[in-house]
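K.L.:
Structure for this input, please:
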Amino acid sequence: MIFLSTLASRPFYPYTVACAGTSVQQRGRRKTVQKLDEKSWNTLKAKLARSKQIEKLDMGEPEKEYVLSRGVDILQLHATDFVRKRLAPAEPKNDGRQTPLKGHPVFIAQHATGTSDRDKLAKFHGIEKGTELEEKEISYIVDVIIRWIEEQTAGEPA
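P.N.:
Prediction:
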């Protein structure tokens, strides 16, 4: 365990790298994902649009109705639960096949945003494989998923 006095005595020079539209600070080997802002979101969307790995997905009417009937807060809880169970472990069970392509708006959003498996998280978001996800990374992934869902349902009657 590193104590604050030890940290204060060490010189620290973080640098920022562009990574799939997110601001990522490199600290040793672990990258720290920053909050998703408008510029980062637009950059990520452009990168996903150029990718041959990511299908162009839209939510259908049943999924939109589900979102509108449950509300974003409930979907945020669902997304957090799915990410914790399916993506957070260092070696997720059935990685690459653990996220269905239909059945829940969060699943569709995961495929559309490159957050459906650890390979895509590494490629599009700079979140490395082989390590358990930290709370900041889980929060970032959920933010991306919810942002996509909100864009898909924008203009829908409440």
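
K.L.:
where are the low-confidence patches of the protein?
P.N.:
1-34, 157-158 (pLDDT under 70).

K.L.:
Which stretches in it count as helices?
P.N.:
Along the chain, counting by DSSP state H, helices occupy 4-9, 38-50, 61-70, 72-86, 105-113, 118-125, 135-153.

K.L.:
deepest of these, which one?
P.N.:
Ranked by mean neighbour count, those are led by helix 105-113 with a mean of 24 (mean count of other C-beta atoms under 10 Å). Quick note: C-beta positions are derived from backbone N, CA and C, even for glycine.

K.L.:
Let's see that helix as PDB, backbone CA atoms only.
P.N.:
Included here for helix 105-113 are C-alpha records, laid out as PDB according to Å, rounded to 0.1, in the frame of the first residue of the first chain:
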ATOM      1  CA  PRO A 105     -31.800  -1.800 -25.000                       C
ATOM      2  CA  VAL A 106     -28.600  -2.000 -23.000                       C
ATOM      3  CA  PHE A 107     -27.400  -5.000 -25.100                       C
ATOM      4  CA  ILE A 108     -28.000  -3.100 -28.300                       C
ATOM      5  CA  ALA A 109     -26.300   0.000 -27.000                       C
ATOM      6  CA  GLN A 110     -23.300  -2.100 -25.900                       C
ATOM      7  CA  HIS A 111     -22.800  -3.500 -29.500                       C
ATOM      8  CA  ALA A 112     -23.400   0.000 -31.000                       C
ATOM      9  CA  THR A 113     -20.800   1.600 -28.700                       C
END
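
K.L.:
could you check the angle helix 118-125 makes with that helix?
P.N.:
Counting by axes from the mean of the first three to the mean of the last three C-alpha atoms, to 10 degrees, helix 105-113 lies at 60 degrees to helix 118-125.

K.L.:
so how far is helix 105-113 from its chain's centroid?
P.N.:
In terms of C-alpha atoms, centre = their mean, to the nearest Å, the centre of helix 105-113 is set 10 Å apart from its chain centre.
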